[in-house]
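Participant: my questions concern the predicted model and sequence given below.
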Amino acid sequence: MAPTPSPLSHRPSLITQAPITTGTLGFAIAITIYFWYGHDPGFIPMTPLGFSSEPWRLVTSTLAHGGFLHLIFNLYWLKLFGPLLEERLHPLLVVGLFLTIAAGSGAAQFAVGVGGVGLSGVLYGCFGFLWFASSRVDAFRGLLPQSTIKLMVGWFFLCIIATRIGVLNVANVAHGVGGLMGWLAAWVVLSERRTRPYKTLGYYGLLGLFLLGGSVWRGGLLAAFAGEGYIAYSSGLAEHDGSTAFLEAHGELERDLRGDTENWEDEDWEFIAGRATSLLERFEKESHPAPAVARILYMRAFARMRQREYESALEDAERALTINPNEPGVQPIVDSLQLWMKTVEP
């Protein structure tokens, strides 16, 4: 006898029965490609403008992804979860679910940092909805195998640990808030009609709190939850908010450093060092450089170290610490270079 297939294997047709999921997948691929290679992708990531004149950033920042594996992982799980919701919920409800979870999880992540990219918050929202519903409503019962629940919960905590020890940089707040909002959305949608209006107000009230956290209350939240170096780096970027050129150039340099850099050749690192140098020539002339300039010095120090230009790399790293003593990642470079140079001294 053939084994009974997992409930997740009984998914509706992606294109014909899950058009919202299909569209989201397509937009995610398109936005991500433009984010990587477009000539002007500055409108995509989350910035304070997302809460005023450019609200689309609350959505575009969730559609963009930082790397190929990041994109594939999120597309795979959305392809699994999305159709299960579309088959059982009204299309407008699914659209509203995706948009509110994207906005809430993105705003919450931005409230305690510089924001993230990716659909992970929406994925955990879908997971939270299905987890709540699968044990309470017949139409959803049994959709999530215990193995999937354990995997998603385990991955959530693994990402937190990996972030804490510096192995990965994961938007854990977006994961948690997305899961919470999905769970609460199911609690609202599947509740009795007489209580649904009050629960709906509660859901949108929570969304409003997350939006306030990413805008009005962000300064206090950063001070409470982010490290001093991270705050200084964020403040440095904020000082250049009036300079679109700085933000876009800085973002381009960050994107240049994505990917499998272990296999890069010397000319690749020379290109990065050159890009950083051109930025520094434009924005380091101020008498008191903004802390964000320290990040560019860090990038050039890293590139010069890979080019085996150790003295120049050490000089850049020490200058970065002069501008921002708590700049993330710089002190280990200084320590390792100083130790190496002592070992090679005659």
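Facilitator: All right, it came through fine.

Participant: contacting residues for Ala171?
Facilitator: Gln109, Gly116, Val117, Gly118, Ser120, Gly121 (Cβ atoms under 8 Å, 6 or more residues apart in numbering). From N, CA and C alone the C-beta is placed, and that goes for glycine too.

Participant: domain map for the protein?
Facilitator: 16-226, 229-344 (automatic domain parsing).

Participant: pick out the shakiest of these, pLDDT-wise.
Facilitator: The weakest mean pLDDT among those belongs to domain 229-344, with a mean of 71.

Participant: can you map out the helices along the stretch 151-300 of the chain?
Facilitator: Counting by DSSP state H, counting those that start in this stretch, the stretch 151-300 of the chain has helices at residues 172-189, 196-214, 218-225, 228-239, 244-256, 266-283, 291-306.

Participant: next one: the last one to chain centre, how far?
Facilitator: The offset between the C-alpha centroid of helix 291-306 and the centroid of the whole chain comes to 22 Å, using Cα atoms, centre = their mean, to the nearest Å.

Participant: now the longest one
Facilitator: From the chain centre to the centre of helix 196-214 is a distance of 22 Å (Cα atoms, centre = their mean).

Participant: on that earlier part again, out of the contacts of Ala171, which are inside helices?
Facilitator: Within the contacts of Ala171, residues falling in helices by DSSP state H are Gln109, Ser120, Gly121.

Participant: quick one: residues contacting the last one.
Facilitator: Spelled out, it's Gly121. Thr62, Ile101, Ala102, Gly104, Ser105, Gly106, Gln109, Ala171, Ala174, His175, Val177, Gly178.

Participant: residues in contact with the fourth one?
Facilitator: To tie it back to what came earlier, the one meant is Gly104. By Cβ under 8 Å, 6+ apart, the neighbours of Gly104 are Gly121, Val177, Gly178, Met181, Leu206, Leu207, Phe210, Leu211.

Participant: out of those, which are buried?
Facilitator: Buried by 16 or more other Cβ atoms under 10 Å: Gly121, Val177, Gly178, Met181, Leu206, Leu207, Phe210, Leu211, out of those.

Participant: quick check: which helices or strands does whichever helix or strand Trp36 is part of pack against?
Facilitator: Assessed by DSSP states H and E, Trp36 sits inside helix 19-37. Using 3 or more Cβ pairs under 8 Å, 6 or more residues apart in numbering; DSSP states H and E as the contact test, the elements touching helix 19-37 are helix 14-17, helix 57-63, helix 68-86, helix 91-111.
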